[in-house]
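1. could you look at this predicted model? Sequence included:
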Amino acid sequence: MTDQTTSPPRPDDPRSTVEAYFDAVNARDFDTLAGLFAEDASFRPVGSPDRRGREDIAAYYPPLLAGFVHGTDTPTRISVAGRVVTAEIHFEGRTVQGVDIAFDAVDVFDIDHDGRIAGLSLWYDTRDVARQVRGG
């Protein structure tokens, strides 16, 4: 299912790729999300093994988000420095067990000259998120 309101990334505007990424994540549009990554992209999620390549990265999201009835990553600040985009994010969601979760994170994107994500690292307090998921 593709969100028709999501604009394709523009190679000359790294921020547009990051905005498209959050649109796709929040819509759970995994096909669009996968297409935003370069074929040989690298992905470094804190607390999980690194992933390499579009298909390996795309496989990360469905099981992760399946644990949530709903959830929204809201960028609260986006900083662009050349082809590096840093996004401060606030996440709010509810697990399938009915536990409300909220936390802040930072994502650092490296955007290639085709407007695709060549590298992404995710940073958040994994211990706090685990505590919230347990309901503690």
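-> Everything's here; your move. Residues are numbered from 1 along each chain as shown.
2. what helices or strands is the longest helix that the chain contains leaning on?
-> Criterion DSSP state H: the longest helix present in the chain is helix 14-27. Applying 3 or more Cβ pairs under 8 Å, 6 or more residues apart in numbering; DSSP states H and E, we find helix 14-27 packed against helix 30-35, strand 68-81, strand 84-95, strand 100-111. In short, each C-beta sits where N, CA and C put it, glycine included.
3. centre of the chain versus it, how much separation?
-> Its chain's C-alpha centre and that of helix 14-27 lie 8 Å apart, by Cα atoms, centre = their mean, to the nearest Å.
4. with stretch 117-134 instead?
-> Per Cα atoms, centre = their mean, the centroid offset for stretch 117-134 relative to its chain is 11 Å.
5. what comes into contact with it?
-> Here stretch 117-134 makes contact (Cβ atoms under 8 Å, 6 or more residues apart in numbering) with 17, 21, 36-38, 40-47, 57, 67, 91, 95, 99-112.
6. narrow those to those that are buried.
-> 17, 21, 36-38, 41-43, 45, 57, 91, 95, 99, 101, 105, 107, 109-112 (16 or more other Cβ atoms under 10 Å).
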